[in-house]
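Engineer: show me how the following folds:
(chains A and B)
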Amino acid sequence: MTIQDMQRSISKNALILGVFAALTVALVAVIQQGTAEPIREAQRLAKMAALAEILPTKSYDNSLLDMQITLDDPLLGNRAPTPAYIATLAGEPTAIILQATAPDGYNGAIELLIGIMADGRLSGVRVLQHKETPGLGDKIELSKSDWITSFTGKSLDNPRAERWTVKKERGDFDQFAGATITPRAVVKAVQRALQYFDANQANLFAQRLTASAQEANQ
Amino acid sequence: MSTSYKELTINGLWKNNPGLVQLLGLCPLMGTSNSTVNALGLGLATIFVLACSNAAVSLIRNAVTPAIRLPAFVMIIAALTTCIELLMQAYTYQLYLILGVFIPLITTNCVILGRAEAFAAKNKFVSSTYDGFIMGLGFALVLVIIGMVRELLGTGILFTNMQLLFGSMAANWQWTVFPNYEGFLLAVLPPGAFLVLGLMIALKNQIDSYILARTPVNMPAAADRRVRVTD
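Structural biologist: Now for the predicted structure:
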């Protein structure tokens, strides 16, 4: 094969490969454009359903997604500022739903949705996103096990601070057979979120006024 | 060269089954076979990607030179998998959440590149698509059987959480086979996948040698009548 032949073959192959790259990128781009809206909608629906699930239906009468504030605090463990939602009944704040992240899951961060009533009791906890091992750590999902409901009704001093961990470490919460790291990470993250709420409750519920004032101005 | 569909079917499902004979794509086979619903979900996604990638590779087989064959195929497979991931996220959001990282991992399932290279690159569009589909089906069947065995041994219950795939009407498909079952964790853990797969391969080989042991009875007669062929 002469140099010219080789050069010709190289440029021909590069050209073909380039055309394929362009075609496949175009395909992915089209699908991504087409699915962006349905994906956002699916995520929004999943979030609305999750929000409604962890608050007692009679405890609020506002539209949760509209009463949204933004929180950013190291105790919540989130990598970026995240939205929180305030539930009100006849204008009075009754509960808050905030997002927290357990950074120390078995397979990276676990994102949680935590509902706290105005009196400091947990109204419910759900897992938003995680990459825990299927069949083991994923029992933190309500669809796999009802473990996550064991938080309901607990508060910062019930159980006492040192018992906010898994039973293996003399705590109050069950671990899973074959998975201790995952539930412990979740328990710790919920405890930190409660500490955050305890320290900032007045502030948080005051922000509701700003949120609704902004609404009124618009 | 046209391979008959019957032969393709037997190859994909039994003689050359990706999971039991070629032993390709073991990573998702181990990872998602801990319950029937996970296995079925990934099995369906794999069938789809395999059929589509075989179809696409077959269409472009004359345009690609041998030197850039592999990068071109991998590009197609990766693009198709990305599309599937986006579509599942948009339309079966729950299933997308369960299967998580195993959906993008379909790209690295060597069954797919293997079939593109071994079959689709040399065959016509329709038979390539069919080969992809039937190979995917063979893979999915092994996946689902391992999933069922592991779920049953591990928890004593079959078909848990089928509503994640089939909607709310499937919520009561759950079937408690062994009530008051203690649970056998090993079956659900990764070693359980290796053990069950090993047993399935052993069973398949046993059946094959049983069939082989029974055939010689009428083989000599057939051989006598055949004209000797040198190949």
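Engineer: where does chain A come near chain B, residue by residue?
Structural biologist: A:9, A:12-13, A:16-17, A:20-21, A:24-25, A:27-28, A:31-32, A:35, A:38-39, A:42-43, A:45-46, A:129, A:131, A:134-136, A:138, A:143-144, A:177-178 (Cβ under 8 Å from any Cβ of the partner chain). Any C-beta I mention is one placed from the backbone N, CA and C, and that applies to glycine too.
Engineer: at 7 Å what do you get?
Structural biologist: A:13, A:16-17, A:20-21, A:24, A:27-28, A:31-32, A:35, A:38-39, A:42, A:46, A:131, A:134-135, A:143, A:177-178 (Cβ under 7 Å from any Cβ of the partner chain).
Engineer: out of the residues you listed, which end up buried?
Structural biologist: A:13, A:16-17, A:20, A:24, A:27-28, A:31, A:35, A:39, A:42, A:134-135 (16 or more other Cβ atoms under 10 Å in any protein chain shown).
Engineer: nearest residue to residue 88 in space, please, no chain neighbours.
Structural biologist: Going with chain A. Leaving aside its chain neighbours, A:Thr88 sits nearest to A:Asn62 (4.9 Å; criterion: Cβ to Cβ, 6 or more residues apart in numbering or on different chains).
Engineer: wrong one, chain B
Structural biologist: That would be B:Tyr96: by Cβ to Cβ, 6+ apart, it lies 4.4 Å from B:Met88.
Engineer: quick one, what contacts A:Ile114?
Structural biologist: The neighbours of A:Ile114, taking Cβ atoms under 7 Å, 6 or more residues apart in numbering or on different chains as the test, are A:Ile97, A:Leu98, A:Ala100, A:Leu122, A:Val125, A:Val190, A:Ala193.
Engineer: for it, which three-state class applies?
Structural biologist: strand (DSSP: H, G, I helix; E, B strand; the rest coil).
Engineer: can you list the residues of chain B near chain A?
Structural biologist: B:32, B:34-35, B:38, B:63-65, B:67-68, B:71-72, B:75-76, B:79, B:82-83, B:86-87, B:89-91, B:93, B:100-101, B:161, B:164, B:185, B:188-189.
Engineer: can you pull out the strands in chain B?
Structural biologist: Counting by DSSP state E, one finds strands in chain B at the ranges B:157-158, B:175-176.
Engineer: can you show me the helices along the chain?
Structural biologist: I'll assume chain A. A:3-53, A:181-217 (DSSP state H).
Engineer: you looked at the wrong chain, it should be chain B
Structural biologist: Going by DSSP H, chain B shows helices at B:5-10, B:26-31, B:36-60, B:69-91, B:93-99, B:110-115, B:125-155, B:163-166, B:185-188, B:190-214, B:219-225.
Engineer: closest to A:Arg163 out of the ones you listed?
Structural biologist: Minimum separation from A:Arg163 across these (Cβ to Cβ) falls at helix B:185-188, 26.3 Å.
Engineer: so which residues make contact with stretch A:198-207?
Structural biologist: In contact with stretch A:198-207 (Cβ under 7 Å, 6+ apart) are residues A:Ile69, A:Ile86, A:Pro93, A:Ile96, A:Gly120, A:Leu156.
Engineer: so which of those are in strands?
Structural biologist: A:Ile69, A:Ile86, A:Pro93, A:Ile96.
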